[in-house]
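>>> fold the following and give me the result.
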Amino acid sequence: MIIVLKQDAPKEKVHEFCTELEGMGLQINDSKGSDTHILGLIGDTKAIAESWVLANPVVETCRRVTEPYKKANRKFHPDDSVIDVDGVKIGGGNFAVIAGPCSIESEEQITYCAQRVKDAGASLLRGGAFKPRTSPYSFQGLGEKGLDMLISAAREEKLPVVTELMSADKIGMFLEKKVDLIQIGARNMQNFDLLKAVGRLHVPVLLKRGMSATIEEWLMSAEYIMSEGNHNVILCERGIRTFEKATRNTLDLSAVAAVKRMSHLPIIVDPSHATGRRWMVESMAMAAIAAGADGIMCEVHNDPEHAWCDGAESITPETFDHMMGDLRKLAPIVGREI
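Numbering: from 1, shown residues only. Sure, this is the predicted structure:
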């Protein structure tokens, strides 16, 4: 149930009402927007009559919410959430560009890529140190050594870092090294213990959509994180599995519009993993910003033909330069700022 309060409701009366609701065993998600003040009730509200709620003088109106996700629900939080990642704002009209190699291969490689994406206008540096691979015989990442290289290159270029966390036992390492944005990959989207663990942190989380997940399942995974207290969640559409074989996955751009209607959380698009084809990345990045996305995350490699991981979907720094130029031209037309 959501309760819309009157704009001139006295604070002490609102506090009394909230105390009464909490006494019924309900959690309250208190959301103050530019024009509205909403109380989102979480718990069993079946026994609460709408007439009883409306009888309270501080209440303007109320209605029941049938969706299972609450904290991630736009009905609970009408205004767009803006997530701050070490000074970089994602959401609310800001278009963030996250770029870097799929995996860290050497100090020289990540340093060069960091310099090039920063010069082109990237907002954050990405890079994989711990890699979830389909085959146990594929390159699994350089681990902590790679993470150190990533952090060093990012700090040199004054870029926030995003990298994937695969298991809860690495959280201490990520906190110690001050990872700015923790990525939960598609394969871990429904690893509920991991979601709850990052939900107890004070670090923003980038939550990728599972390969076969519905949008509601994806939002429920965000709910797991938010239910533990961490509301700084960014969603990432990275393509879903379909029967199509022309691309690695199928980029679901309609998910951007759907999420914008269903949730207040910012959503970005990963055109690299979604297509698996480097020649598609630029056009799908343009499509993402036109669809209303709050950013993109793409793979940039200095030598894609010899990349240790996902070279087929990695673009060169030169292509990234060109893409950024096109994005800057399109951004103001669709109400985005880079």
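
>>> which residues of the stretch 1-150 of the chain fall in strands?
2-5, 27-32, 37-42, 59-63, 83-85, 88-90, 96-100, 124-126 (DSSP state E, counting those that start in this stretch).

>>> for residue 112, find the nearest of those.
strand 96-100 (10.7 Å; Cβ to Cβ). Any C-beta I mention is one placed from the backbone N, CA and C, and that applies to glycine too.

>>> got the contact list for that closest one?
85, 88-90, 110, 113-114, 117, 120-127, 150, 162, 268, 294-300, 320, 324, 327, 338 (Cβ atoms under 8 Å, 6 or more residues apart in numbering).

>>> out of the residues you listed, which sit inside helices?
110, 113, 114, 117, 120, 150, 320, 324, 327 (DSSP state H).

>>> and those residues as CSV, adding pLDDT, distance to residue 26 and neighbour count?
Shown next, in CSV, are these (pLDDT from 0 to 100; distance: Cβ to Cβ, whole Å; neighbours: other Cβ atoms under 10 Å):
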residue, pLDDT, distance to residue 26, neighbour count
110, 97, 48, 26
113, 97, 49, 29
114, 98, 47, 27
117, 98, 46, 27
120, 97, 49, 18
150, 97, 43, 30
320, 98, 49, 28
324, 98, 47, 20
327, 97, 44, 20
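
>>> quick revisit: save the strands of the stretch 1-150 of the chain as TSV, and put in distance to residue 194, mean neighbour count and mean pLDDT too.
Output for those, formatted as TSV (distance: least, Cβ to Cβ, whole Å; neighbours: other Cβ atoms under 10 Å; pLDDT from 0 to 100):
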stretch	distance to residue 194	mean neighbour count	mean pLDDT
strand 2-5	29	20	94
strand 27-32	23	15	89
strand 37-42	22	20	92
strand 59-63	34	16	93
strand 83-85	19	19	98
strand 88-90	22	20	97
strand 96-100	21	28	98
strand 124-126	19	27	98
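
>>> need those strands in CSV with distance to residue 50, can you?
Shown next, in CSV, are the strands of the stretch 1-150 of the chain (distance: least, Cβ to Cβ, whole Å):
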stretch, distance to residue 50
strand 2-5, 10
strand 27-32, 17
strand 37-42, 12
strand 59-63, 6
strand 83-85, 34
strand 88-90, 36
strand 96-100, 40
strand 124-126, 45
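
>>> could you pull up the residues touching the closest residue to residue 48 other than its chain neighbours?
Spatial nearest neighbour of residue 48, chain neighbours left out: residue 1 (6.7 Å); criterion: Cβ to Cβ, 6 or more residues apart in numbering. Taking Cβ under 8 Å, 6+ apart as the criterion, residue 1 is in contact with 40, 41, 45, 48, 50, 53, 62, 63, 64, 65.

>>> rerun that using 7 Å as the cut-off
Shown in contact with residue 1 (Cβ atoms under 7 Å, 6 or more residues apart in numbering): 41, 45, 48, 62, 64, 65.

>>> cool, residue 235 as well?
By Cβ under 7 Å, 6+ apart, the residues touching residue 235 are 207, 218, 222, 259, 265, 267.

>>> thanks a lot, see you next time.
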